[in-house]
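Q: Only the shape, not the letters, is given here:
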């Protein structure tokens, strides 16, 4: 019997990844993926260059990929999230 679905575990890993991002990486990542903003719009909103938006987004994706590959803590299977 599985206590949590695979989708729920993936969501928890993604939340953990977003929590580990720097504030700027998180702002850029969420603006692109959640708010569906373009790079120039984000650059204008945050007062940075488009190149910096690209750099922060690339760093956020690296964090996301690294965390998604990490093994979940053993106690997660018992925690009712």
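A: Good, I have the coordinates. All of these numbers come straight from a predicted model, not from anything done at the bench.
Q: what residues are up against the residue positioned nearest the centre of the chain?
A: Nearest to the geometric centre of the chain sits residue 18, at 3.5 Å (C-alpha atoms, centre = their mean). By C-beta atoms under 8 Å, 6 or more residues apart in numbering, the residues touching residue 18 are 26, 29, 30, 64. Glycine gets a C-beta too; all of them are placed from N, C-alpha and C.
Q: For the closest residue to residue 68 other than its chain neighbours, what is the enclosing helix or strand?
A: Distance criterion C-beta to C-beta, 6 or more residues apart in numbering; nearest residue to residue 68, sequence neighbours excluded, is residue 13 at 5.2 Å. Assigned by DSSP states H and E, residue 13 falls within helix 6-20.
Q: Report the buried members of the contacts of residue 18.
A: Neighbour counting with 16 or more other C-beta atoms under 10 Å marks 26, 29, 64 as buried within the contacts of residue 18.
Q: list the contacts for the first one?
A: In this structure, residue 26 makes contact with 18, 60, judged by C-beta under 8 Å, 6+ apart.
Q: Can you read off the backbone torsions of it?
A: phi -60, psi -40 (degrees, to the nearest 10).
Q: State the distance from it to residue 56.
A: Separation of residue 26 from residue 56 (C-beta to C-beta, to the nearest Å): 9 Å.
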